[in-house]
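Colleague: next input, structure requested:
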Amino acid sequence: MKIESALSQARSLWYRRLGRWGAIDASSWIHWSVDIRQERPRQIELGSRCCIERHTWLNVPTAESPDKCLRLGAGCGIGRNNVISAKNSVELGEAVVTAPQVLIMDHAHEFGDVTVPILHQGVTEGGTVVIETGCWIGFGACVVSNRGELRIGRNSVVAANSVVTSSVPPMTVVAGAPARPVRTYSESTGRWERVEGPCLQAK
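Modeller: Take a look at the predicted model:
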């Protein structure tokens, strides 16, 4: 553990001196095995006290993407083997936590032209992703925005292995593929209640 910590600190220092991590707060901890790819130094922004675990990939796939199009708020905890890829805008609020093997993307591979291999078709126009403060994204979950804004409201939970392709209201637990609300917090009772009837829609 001491060797890994030293490697992580040394890598962070080296990248900062090269100017590669211009918008990454010095108080954030990034495991030495994390792969950070951005075409320009300020396309990825990490707030204070973020923790990025091993073998995670933070990716901005094009130089045309705006500065700070992948933003993690203060105190975020990103689990092992995560992939977060932002072409337009992926924003995590403060204290968002992800389990291992989570995928978050605001675009996908293009496959519209069947005469061209998908590998050579680039990526879709995509949308944007906002995960508000205090959310928990469970093991193996996928959050993908194909168009428009996908917003997961504050203090919501995405259950393990769920696939989220549409917005989630605040204080809601979603599960399944595609993900559907299964519980929501009732302020009147102070408890998490089961969702009955049709799927809730985010406002």
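
Colleague: CA only for contacts and neighbour counts going forward, please
Modeller: Noted.

Colleague: show the average pLDDT along the longest strand seen in the chain.
Modeller: The longest strand of the chain (DSSP state E) is strand 180-186. On average, the pLDDT along strand 180-186 is 96.

Colleague: same question for stretch 104-118.
Modeller: Per-residue scores along stretch 104-118 average to 95.

Colleague: tell me how far it lies from the chain's centre.
Modeller: 20 Å (CA atoms, centre = their mean, to the nearest Å).

Colleague: before we move on, back to that, who touches the longest strand of the chain?
Modeller: Identification of contacts with strand 180-186 by CA atoms under 8 Å, 6 or more residues apart in numbering yields 168, 171-175, 191-196, 199-200.

Colleague: quick one: list the elements packing against the next helix or strand after that strand.
Modeller: Downstream of strand 180-186, the first helix or strand assigned by DSSP states H and E is strand 191-194. Applying 3 or more CA pairs under 8 Å, 6 or more residues apart in numbering; DSSP states H and E, one finds that strand 191-194 contacts strand 180-186.

Colleague: pairing partners for the strand it packs on, with directions?
Modeller: Note on strand 180-186: by DSSP bridges, its sheet partners are strand 172-175 (antiparallel), strand 191-194 (antiparallel).

Colleague: in terms of mean pLDDT, which of the ones you listed ranks lowest?
Modeller: strand 191-194 (a mean of 94).

Colleague: contacts for that strand next, please.
Modeller: For strand 191-194, using CA under 8 Å, 6+ apart, the contacting residues are 182, 183, 184, 185, 186.
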